[in-house]
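Enquirer: I would like the atomic coordinates for the input below:
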Amino acid sequence: HNAGLFLVYALIITTGLKELFEKLFVGRIRNWRKSSVVLLHLLSEFTFVGRIYKINKNTCKFLYYFFNKVNKTNPLKDEVYELQKRVDDNLGQRFKEALLKYYYDNNFLDLSLTFIDGHVIAYFGKEAFQKLKHGTRDKIIKSLEVFNFSDKNGRIFYFKADHDVMGMQKNIENLLGEVKQIIGLDKIRILVFDRGGYCGELFKKLKDKYKINFITLAIQGDGEKSIKEQIGKIRKKAKFRKLKGVEDKKYTTAKLNIDGKKYRALL
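Expert: Predicted structure coming up:
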């Protein structure tokens, strides 16, 4: 319940609705701002917390950081732990799916370009946990990787936490499968991801199974001798054009053969 409240309120803040409420509903009821009263009633419609006083109690306890603009204070560690005890996986998943469907039904998303990216998040709990390389800390620590789907405007609309070190390639398929069940994949035109998703088998599935075009980086490291050889031949034969607005940069388009299938490439 508190997780649902937290996410809804975060959504309201990012869309600017709180500021709109404060402008429309000026004045006070007892010691409450009118805008706060209206906002709490709205929150009660979107969460499982049916009583306004319960929302108010949870607001003070867990969401003080968002409500108090002047003196922002993070929740205490014990309060965060207490919040975690009340949240189960099923509730989080249901809320995540409902939010995606709401975005989709109300045309909030532009999926003509859809981005997927993974971020390693440190875990500081006592439980036994997987270890991954954390980029900013530059060391291997307990952590999980979260994969985000973002629309053309960079708005995250779906995500998945990977507890099993499956990596980007497998999680691209997992995310596509879940999103397909919730809203379908018909509006996803081009999927964009970095070199972590480079895999000939995945490319074939994106084209043949999911019918989705994609943009990614071609890996030409030591393990991809054929890619290096193909690019070497292209450099010798192809005509390179000047890139507008950038000095000393030229480009060409070509076809790269990856695992027996040709893909259009920009070099």
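Enquirer: which regions of the protein sit below the pLDDT cut-off?
Expert: 1-25, 28-77, 79-89, 91, 221-224 (pLDDT under 70).
Enquirer: try 90
Expert: 1-109, 119-139, 141-145, 153-157, 160-167, 195-196, 218-228, 243-248, 259-260 (pLDDT under 90).
Enquirer: Hmm, residue 133 is touching residue 120, no?
Expert: Yes: counting by Cβ atoms under 8 Å, residue 120 is a contact partner of residue 133 at 7.0 Å. For every residue, glycine as well, the C-beta is placed using N, CA and C.
Enquirer: what about those two, which has more around it?
Expert: residue 120 (17 against 11; other Cβ atoms under 10 Å).
Enquirer: what about the strands in the chain?
Expert: In the chain, the strands defined using DSSP state E lie at 28-29, 32-33, 113-122, 131-134, 139-150, 156-162, 190-192, 213-215, 241-242, 250-251, 253-258, 261-266.
Enquirer: Direction included, what does the last one pair against?
Expert: In this case it means strand 261-266. Strand 261-266 pairs in its sheet with strand 253-258 (antiparallel), by DSSP bridges.
Enquirer: and if you look at the fifth one?
Expert: Paired with strand 139-150 in the same sheet, following DSSP bridges, are strand 113-122 (antiparallel), strand 131-134 (antiparallel), strand 156-162 (antiparallel).
Enquirer: and residue 202, which of the ones you listed is closest to it?
Expert: Taking Cβ to Cβ, strand 113-122 is the member of these nearest to residue 202, at 11.5 Å.
Enquirer: which of the residues in the closest one are buried?
Expert: Under the neighbour-count criterion of 16 or more other Cβ atoms under 10 Å, strand 113-122 has 113, 114, 115, 116, 117, 118, 120 buried.
Enquirer: give the contact list for the fourth one.
Expert: For residue 116, the contact set (Cβ atoms under 8 Å, 6 or more residues apart in numbering) comprises 147, 148, 149, 150, 168, 171, 172, 175, 191, 192, 193, 197.
Enquirer: For it, give the beta-bridge partners.
Expert: Note on residue 116: beta-bridge partners by DSSP bridges are residue 149.
Enquirer: so how far is residue 211 from it?
Expert: Remark: distance between residue 116 and residue 211 (Cβ to Cβ, to the nearest Å) = 17 Å.
Enquirer: can you check the first one too?
Expert: Using Cβ to Cβ, we find residue 113 at a distance of 16 Å from residue 211.
Enquirer: what residues are up against the closest residue to residue 164 other than its chain neighbours?
Expert: Computed as Cβ to Cβ, 6 or more residues apart in numbering, the closest residue to residue 164 that is not its neighbour in sequence is residue 130, at 7.6 Å. When contacts are counted by Cβ under 8 Å, 6+ apart, residue 130 touches 142, 143, 144, 163, 164, 165.
Enquirer: List buried residues within those residues.
Expert: For the contacts of residue 130, buried by 16+ other Cβ under 10 Å: 142, 143, 144.
Enquirer: isn't the last one right up against residue 164?
Expert: So the one you mean is residue 144. No: with contact defined as Cβ under 8 Å, residue 144 does not count as touching residue 164 (9.3 Å).
Enquirer: burial of residue 190, as a residue count?
Expert: For residue 190, the neighbour count with other Cβ under 10 Å is 14.
Enquirer: just residue 265 next, same as before
Expert: Residues lying near residue 265 (other Cβ under 10 Å) number 17.
Enquirer: Is it bridged to anything, and to what?
Expert: With DSSP bridges as the criterion, residue 265 is bridged to residue 254.
Enquirer: any idea how far residue 175 is from it?
Expert: Computed as Cβ to Cβ, the residue 265 to residue 175 distance reads 25 Å.
Enquirer: how about the strands of the chain, which one is nearest residue 98?
Expert: strand 156-162 (11.6 Å).
Enquirer: Thanks a lot, see you next time.
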